[in-house]
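**Q** build the 3D model from these lines:
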Amino acid sequence: MASSVPPLRPAIVRTDSKPSPVREPLWRHALGECLRGLRHGRGEKLSETARRAGVSPQYLSEMERGVKEPSSEMIAAVAGALDVTLIDLTLAVSESLRSAQSGVSRGATCSAAYALAA
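**A** Reported below is the predicted structural model:
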């Protein structure tokens, strides 16, 4: 079975003989931006989404700011509260990271998340 996953790219771009690390955003930061974008797209307050997800507003806030490394269960709970599947959220985060790596600027929210919210 052929894989549809694109080939991996090196994290270090080699120029001359000195390695130059590529600055990539952390996954938790991209996740937080997508979650916040989805929540804002729905016009919801942090406390409303947190209540439906079964997490505290403080925890959701930390997830959105990228300071928490949430478990897959917490991510799934918040995704469910935002009416998106875990796979759709993961794809949105992946697209956000790919865009950042390609040098495409992105704002405070994940553009793919807006497509999910529609």
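**Q** how about Ser72: what's its closest non-neighbour residue?
**A** Sequence neighbours aside, Leu86 is the residue nearest to Ser72 in space, at 7.7 Å (criterion: C-beta to C-beta, 6 or more residues apart in numbering). Every residue, glycine included, has its C-beta placed from N, CA and C.
**Q** so who does that neighbour touch?
**A** 72, 75-76, 79 (C-beta atoms under 8 Å, 6 or more residues apart in numbering).
**Q** all strands of this protein, in order?
**A** 12-15, 18-21 (DSSP state E).
**Q** one step back: could you dump the contacts of Leu86 into CSV and include distance to Ala100, pLDDT and neighbour count?
**A** What follows is these, written out as CSV (distance: C-beta to C-beta, whole Å; pLDDT from 0 to 100; neighbours: other C-beta atoms under 10 Å):
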residue, distance to Ala100, pLDDT, neighbour count
Ser72, 22, 94, 9
Ile75, 19, 97, 19
Ala76, 24, 97, 15
Ala79, 21, 97, 23
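**Q** of the residues you listed, which belong to helices?
**A** 72, 75-76, 79 (DSSP state H).
**Q** and of these, the nearest to Leu26?
**A** When the ones in helices among the contacts of Leu86 are ranked by distance to Leu26 (C-beta to C-beta), Ile75 comes first, at 14.3 Å.
**Q** do I have it right that the closest one meets Gly32?
**A** No: using C-beta atoms under 8 Å, Ile75 is not in contact with Gly32; the gap is 10.6 Å.
**Q** any common contacting residues for these two?
**A** Contact criterion C-beta under 8 Å, 6+ apart; residues shared by Ile75 and Gly32: Met63.
**Q** mind listing what Leu31 touches?
**A** 63, 66, 70, 75, 89, 93.
**Q** would you format the residues you listed as JSON lines with distance to Thr49 included?
**A** JSON lines is the format used below for the contacts of Leu31 (distance: C-beta to C-beta, whole Å):
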{"residue": "Met63", "distance to Thr49": "10"}
{"residue": "Gly66", "distance to Thr49": "17"}
{"residue": "Pro70", "distance to Thr49": "14"}
{"residue": "Ile75", "distance to Thr49": "13"}
{"residue": "Leu89", "distance to Thr49": "13"}
{"residue": "Val93", "distance to Thr49": "17"}
